[in-house]
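**Q** Kindly return the folded structure for what I paste below:
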Amino acid sequence: MTSHNIVEIDNLSFGYKGRLLHKNINMVFPRGKVVAIMGGSGSGKTTLLRLIGGQIKPVKGQVRVGGQVVHEQNRDGIYKLRRTMGMLFQHGALFTDLSVFDNVAFPMRELTDLPESMIRDLVLMKLNAVGLRGAHQLMPAELSGGMARRVALARAVALDPNIIMYDEPFAGLDPISMGVICDLIRSLNDALGATSIIVSHDVKETFLIADYVYFVADGEIAAEGTPHDLMQSTLPFVHQFVHGEKDGPVPFHYPAANYQDELLKRRHPRK
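**A** All right, here's what the predicted structure looks like:
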């Protein structure tokens with residue numbers, strides 16, 4: 001692993017019950033960059049984040065974080081690696097019984113020995129960065145979807161992580177909230193000098209902020225490159241995905257018998 005890449009996925013295969021979900025995947029995530037993993041639903045994008053975080057182990061190959069092979073770490077080693085990571089879950093995953101302030105303070109209280117006076121200052125600093133310092137006393141139920149996502153983002157960067165992972169950060173947001181989250185991902189990444197890994201299928205928003213994009217299809221890297229490169233791609237799958245075309249390599253119809261034959265069978269059942 002080079003010092004330039006904080007995360008490397010090397011010849012990785014992973015699957016469940018003998019069925020491979022990923023086959024010989026290779027990816028690199030350089031320091032200071034925003035890198036996106038894109039693909040259709042069920043293509044295993046979120047699974048790659050779980051492999052980076054050490055929740056699951058590959059069948060073959062390696063994931064290296066900071067030069068260390070993740071699946072070779074013991075319990076203490078895994079937790080040490082995770083201290084360098086922040087995670088924005090798909091729907092925020094805020095603790096519903098904790099206030100906005102206490103949600104953001106949670107990782108600081110759990111993982112550091114900082115005094116409450118310092119935690120208070122840091123929490124307000126993080127909330128100010130996402131524009132919600134004035135909402136620190138609210139409960140999650142009092143937040144809009146976009147506000148909840150911003151609180152979750154403040155919590156994800158609470159410990160100034162080297163790696164920030166985003167699982168579908170734009171899902172379910174209105175256009176204004178989507179634009180806010182989009183800008184925050186880019187600005188926080190640059191301010192922290194972190195590496196951001198975005199799992200998404202939202203082309204427009206992801207292409208606005210990503211430095212590099214991997215497209216995953218059929219368990220493999222179908223294409224990779226800058227957003228500009230992929231917008232110009234003539235590869236059928238990439239073209240269909242980027243331009244939102246109904247039919248192509250990913251068909252509209254699920255495989256089925258001939259429609260006319262199936263109708264005739266129903267009209268003239270065998271005796």
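**Q** what's the longest helix in the protein?
**A** Looking across the chain with DSSP state H, the single longest helix is helix 175-192.
**Q** Tell me which strands the helix or strand that that one is followed by pairs with, and in which orientation.
**A** Per DSSP states H and E, helix 175-192 leads on to strand 195-200 as the next helix or strand towards the C-terminus. Strand pairing for strand 195-200, using DSSP bridges, gives strand 34-38 (parallel), strand 163-167 (parallel).
**Q** among the ones you listed, which is nearest V238?
**A** Closest approach to V238 among these (C-beta to C-beta): strand 34-38, 9.4 Å. All C-beta spots, glycine's among them, are computed from the backbone N, C-alpha and C.
**Q** nearest to L264, of the strands paired with strand 195-200?
**A** Closest to L264 of the strands paired with strand 195-200 is strand 34-38 (C-beta to C-beta; 41.7 Å).
**Q** Could you check the angle the closest one makes with helix 175-192?
**A** Strand 34-38 runs at 130 degrees relative to helix 175-192, counting by axes from the mean of the first three to the mean of the last three C-alpha atoms, to 10 degrees.
**Q** Name the SS class of S233, please.
**A** At S233 the chain is in coil, as set by DSSP: H, G, I helix; E, B strand; the rest coil.
**Q** Report pLDDT for it.
**A** As predicted, S233 sits at a pLDDT of 76.
**Q** do the same with E168
**A** According to the prediction, E168 has pLDDT 88.
**Q** Can I get the strands paired with strand 195-200 in JSON lines including mean neighbour count and distance to N258?
**A** Shown next, in JSON lines, are these (neighbours: other C-beta atoms under 10 Å; distance: least, C-beta to C-beta, whole Å):
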{"stretch": "strand 34-38", "mean neighbour count": "25", "distance to N258": "34"}
{"stretch": "strand 163-167", "mean neighbour count": "23", "distance to N258": "40"}
